[in-house]
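A.B. asks: Mind looking at a prediction? Sequence and model below.
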Amino acid sequence: MADMKCNVAVVLMHDHLDGDLAREEVIQLQQHLVQCPSCYARYESLERTDALVKALPIEKAPDYLSDKIMKSLPSPRRPAAWTSWVRRHPAVSAAAIFLVVMLSSFVSMWNQSQELSVSGPDLEHVIIEGKKVIVPAGQKVTGDLTVVNGDVQVLGDLDGNLTVIDGNLTPLASTAHIAGEIKTIDRAVDWFWYKVSSYFGTLAYGS
Ligand SMILES: [Zn+2]
C-alpha cells in the first residue's frame with residue numbers, strides 16, 4: 001500500500017479524536033504517525049488541546065452564541081483549514097471562542113468599574129480635575145503619589161515614587177522633577193496576559 005499523504009493523515013487525526021474512525025483507518029493512521037515526525041507532533045498537540053478543552057469548566061457555550069459563531073463563518077464552498085476544523089468541532093470551538101469573549105468582557109468590565117483613586121501623604125499640593133491628576137508647576141509634593149484609573153500630568157516636583165495604575169501618564173514636562181521611581185501598571189492587561197500565557201503554557205508543556 002502506498003504511503004498515506006500528510007493531509008489525509010490530518011483529516012484522520014481529527015476523526016480519530018472525535019472517536020469516529022474505523023479500526024482499519026486507525027491502523028493506517030498509526031503507521032503514518034510512526035513514520036512521520038511532523039504529523040506525530042501535530043497529533044500530540046491536537047490530543048492535548050482536545051483533552052484541555054474537554055477539561056474546561058465550561059460545559060457548553062450558550063446556544064445563541066454557538067449559532068452566531070457558526071453563522072458568521074465563511075461558506076463551506078471556500079473552506080479554509082481552520083473553518084473546516086471549526087465546523088467539524090462546533091462544541092469545542094464555541095467553548096474556546098466563548099472563553100475569549102468572556103475574558104475580553106471581563107477586561108472591559110474591570111476598566112469601567114474602576115473609579116479614580118489618588119493616594120499619598122501630600123495630596124494638598126495635587127490638583128484633581130475630573131480624571132486628571134496634576135502636580136502643578138512650581139509645587140513640591142512630598143512622599144509617594146499613587147493614582148489608580150486617572151490621567152497623570154507632572155509639571156512640578158514629586159519627592160517620591162510615582163505609580164500609575166490603569167491610567168495614563170502624560171510625558172513629563174521640562175519643569176517636572178520626580179525624585180523616586182516611575183511605575184505604570186496596567187492591571188487588566190497584566191491579568192489578561194497572565195491568563196493567556198498560562199493557557200498556552202499548558203498547551204505547550206502539557207499538564
Ligand atoms: Zn505526515
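C.D. replies: Thanks, I have the structure now.
A.B. asks: check contacts around residue 46.
C.D. replies: 13, 14, 17 (CB atoms under 8 Å, 6 or more residues apart in numbering). All C-beta atoms are positioned from the backbone trio N, CA, C, and that covers glycine.
A.B. asks: which one of those is nearest the ion?
C.D. replies: Checking these against the ion with CB to the ion, the nearest one is residue 13 at 9.8 Å.
A.B. asks: And the closest one, how far from residue 42?
C.D. replies: As defined by CB to CB, to the nearest Å, residue 13 lies at a distance of 7 Å from residue 42.
A.B. asks: Could you break the chain into its assigned domains?
C.D. replies: The chain is divided into the following domains under automatic domain parsing: 1-55, 58-113, 117-188.
A.B. asks: What parts of the protein come near the ion?
C.D. replies: 6, 9, 36, 39 (CB under 5 Å from the ion).
A.B. asks: Would you confirm that the second one contacts residue 35?
C.D. replies: This points to residue 9. No: contact criterion CB atoms under 8 Å: residue 9 and residue 35 do not qualify, at 9.9 Å.
A.B. asks: So for these two, which sits in the more crowded spot?
C.D. replies: residue 9 (23 against 12; other CB atoms under 10 Å).
A.B. asks: The one helix or strand the more buried one maps to - contacts with which helices or strands?
C.D. replies: Using DSSP states H and E, residue 9 sits within helix 6-17. Using 3 or more CB pairs under 8 Å, 6 or more residues apart in numbering; DSSP states H and E, the elements in contact with helix 6-17 are helix 23-35, helix 37-55.
A.B. asks: just the angle between that helix and helix 23-35, please?
C.D. replies: If you take axes from the mean of the first three to the mean of the last three CA atoms, to 10 degrees, helix 6-17 sits at 120 degrees to helix 23-35.
A.B. asks: Give me the buried positions along helix 6-17.
C.D. replies: Residues 9, 10, 12, 13, 14, 15, 16, 17 are the ones in helix 6-17 that count as buried (16 or more other CB atoms under 10 Å).
A.B. asks: In a markdown table: those residues, plus pLDDT.
C.D. replies: Written out in a markdown table, the entries for the buried residues of helix 6-17 read as follows (pLDDT from 0 to 100):
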| residue | pLDDT |
| --- | --- |
| 9 | 92 |
| 10 | 90 |
| 12 | 92 |
| 13 | 90 |
| 14 | 87 |
| 15 | 89 |
| 16 | 89 |
| 17 | 85 |
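A.B. asks: Widest-spaced pair of these?
C.D. replies: Farthest pair in these (CB to CB) is 9 and 17. Separation: 12.7 Å.
A.B. asks: what's the distance between residue 130 and the ion?
C.D. replies: Using CB to the ion, to the nearest Å, residue 130 is found at 61 Å from the ion.
A.B. asks: if I look at that residue, how far off is residue 99?
C.D. replies: According to CB to CB, residue 130 and residue 99 sit 36 Å apart.
A.B. asks: How about residue 25?
C.D. replies: 32 Å.
A.B. asks: any idea where the helices of the protein begin and end?
C.D. replies: In the chain, the helices defined using DSSP state H lie at 6-17, 23-35, 37-55, 63-72, 81-88, 90-113, 187-205.
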